[in-house]
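A.B. asks: next comes the sequence, and after it the predicted model I'd like to discuss.
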Amino acid sequence: MIFAFLQTPVERAQEGARQIPGAIARVWDAITAGSSLEKIAIFVLTAAALYAASRLIRRGIDAHIEDINQRHQLRKIITYAFWITLVIAAVVLFAERLALADVGTILGLIAAAVTIALADVVRSLAGWIYINSRRGVEIGSRVVVEGITGDVIDIGLLKTTVLEVGEPLVHAMQSTGRIVTVPNSAFLNKNVISSATVNPLVWHEIQVLVTFESDWQRAREIIKDVALNLYEEIVPDLREGFKSLEREFAFRLGSTAPYVYTEIADSGVLLTLRNLTPVRRRRSLTDRIATEILDRFAAEPTIDFAYPTYRVYRLGEGPPAEARGETGAPPA
């Protein structure tokens with residue numbers, strides 16, 4: 001008693017630390033040595049405590065994390081951690097006196113049986129690991145896989161959920177409102193097209209056809225001027241996106257400014273605008289470009305749109321005199 005009083009605080013702390021492993025061992029022995037009913041009760045209490053803790057953590061995430069993608073990922077991590085911890089607790093409580101060799105044998109047999117019986121599940125789990133180990137596909141990516149185009153809204157252990165866009169319900173690349181699930185194994189053995197993750201911009205083309213008689217040089221200048229005005233709006237996103245591409249892939253930044261190509265078509269001069277467009281705003285920006293081109297062309301008397309024309313003649317009747325090059329005046 002006197003010796004304990006004479007001990008310094010540091011010595012008392014060290015003595016207490018040495019007693020902690022023994023206390024933990026005694027608690028552990030009491031837990032594992034109990035009856036089956038006691039172990040079930042302990043497991044239920046552990047599950048309830050873990051569930052309550054995960055709920056509190058998820059509420060904290062919802063209250064303090066504003067970014068929707070980051071919030072979703074953290075909630076998924078908490079869910080996975082809950083189930084993994086619960087499985088470990090069950091194994092610890094109910095796997096009594098198994099030798100290490102027996103555990104290895106059992107795990108090997110289980111792994112072989114799972115691989116054979118659940119080959120698709122194993123491939124999907126491998127796909128999940130592959131998806132999460134790369135930056136090509138993540139929450140918010142627009143992907144095309146197995147003929148399905150959509151925005152990724154969830155990446156599960158076995159399936160990835162996308163919000164469908166485009167055909168067959170809508171003409172442009174906008175949401176159809178349908179939710180589609182794709183097995184993660186498809187991301188391993190299928191061709192996958194991804195955008196809006198590393199770089200949210202895609203190349204887009206708009207074609208305008210003017211008559212041969214039009215001032216096509218002026219029409220080309222107008223189209224390029226309209227595109228340049230919109231180009232200035234996306235320059236910050238453009239630079240950041242391409243810098244990310246250069247960091248992640250063997251990619252070299254080339255010319256990103258809009259350009260108008262000229263071709264000779266059957267019905268007139270075809271002017272093709274090639275410009276970068278945010279993948280989620282492609283339809284709205286196309287509407288803006290088309291509207292401004294229409295307004296600008298309407299103010300130019302020397303520019304006319306071209307379109308295919310047809311002439312129909314009744315059986316037994318020839319073409320009009322104008323079509324034959326005749327004016328109706330008698331020959332001289």
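C.D. replies: Happy to help now that I have it.

A.B. asks: please enumerate the helices of the chain.
C.D. replies: Ranges of helices in the chain, per DSSP state H, are 2-6, 9-32, 36-64, 68-94, 100-117, 119-133, 186-189, 216-248, 282-298.

A.B. asks: turn those helices into a markdown table, including distance to W203, mean neighbour count and mean pLDDT.
C.D. replies: No exception for glycine: its C-beta is placed from N, CA and C like everyone else's. Below are the helices of the chain laid out as a markdown table (distance: least, Cβ to Cβ, whole Å; neighbours: other Cβ atoms under 10 Å; pLDDT from 0 to 100):
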| stretch | distance to W203 | mean neighbour count | mean pLDDT |
| --- | --- | --- | --- |
| helix 2-6 | 79 | 7 | 47 |
| helix 9-32 | 62 | 10 | 54 |
| helix 36-64 | 37 | 13 | 82 |
| helix 68-94 | 25 | 14 | 76 |
| helix 100-117 | 43 | 10 | 61 |
| helix 119-133 | 25 | 16 | 80 |
| helix 186-189 | 24 | 17 | 84 |
| helix 216-248 | 12 | 16 | 84 |
| helix 282-298 | 10 | 15 | 92 |
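
A.B. asks: give me phi/psi at the residue positioned nearest the centre of the chain?
C.D. replies: The centroid of the chain falls nearest to S141 when counting by Cα atoms, centre = their mean (1.6 Å). For S141, the backbone dihedrals (degrees, to the nearest 10) come out as phi -70, psi 150.

A.B. asks: what's the separation between it and I234?
C.D. replies: 19 Å (Cβ to Cβ, to the nearest Å).

A.B. asks: check L163 too.
C.D. replies: 23 Å.

A.B. asks: and what of R123?
C.D. replies: Taking Cβ to Cβ, one finds R123 at 39 Å from I234.

A.B. asks: mind checking how far stretch 82-91 is from the chain centre?
C.D. replies: In terms of Cα atoms, centre = their mean, to the nearest Å, the centre of stretch 82-91 is set 31 Å apart from its chain centre.

A.B. asks: list the contacts of N189.
C.D. replies: R123 (Cβ atoms under 8 Å, 6 or more residues apart in numbering).

A.B. asks: spatially nearest residue to A265 (excluding sequence neighbours)?
C.D. replies: Closest residue to A265 apart from its sequence neighbours, by Cβ to Cβ, 6 or more residues apart in numbering: L209 at 6.2 Å.

A.B. asks: and G268, by the same measure?
C.D. replies: Closest to G268 by Cβ to Cβ, 6+ apart is A306, at 3.0 Å.

A.B. asks: I figured the one you found hits S267, correct?
C.D. replies: Yes - contact between A306 and S267 holds when scored by Cβ atoms under 8 Å: they sit 4.7 Å apart.

A.B. asks: give me the common contacts of the two.
C.D. replies: Common neighbours of A306 and S267 (Cβ under 8 Å, 6+ apart) are 209, 211.

A.B. asks: those two: which has the busier surroundings?
C.D. replies: Set A306 next to S267 and count neighbours by other Cβ atoms under 10 Å: A306 wins out with 19 against 14.

A.B. asks: for V182, see how far away the more buried one is.
C.D. replies: Where V182 is concerned, A306 sits at a distance of 43 Å (Cβ to Cβ).

A.B. asks: where do the domain boundaries of this structure fall?
C.D. replies: In terms of domains, the chain is parsed into 22-97, 127-195, 201-298 (source: automatic domain parsing).

A.B. asks: quick one: terminal-to-terminal distance for the longest one?
C.D. replies: Spelled out, that is domain 201-298. 31 Å (Cα to Cα, to the nearest Å).

A.B. asks: contacting residues around stretch 147-164?
C.D. replies: Against stretch 147-164 from outside (Cβ under 8 Å, 6+ apart): 72, 76, 121, 124-125, 128, 131-132, 137-143, 165-167, 173, 175-184, 187, 196.

A.B. asks: quick check: buried residues in it?
C.D. replies: For stretch 147-164, burial by neighbour count (16 or more other Cβ atoms under 10 Å) applies to 148-153, 155, 159-160, 162-164.

A.B. asks: just those now: which is nearest L201?
C.D. replies: Lowest distance from L201 to the buried residues of stretch 147-164 (Cβ to Cβ) belongs to D151, with 15.5 Å.
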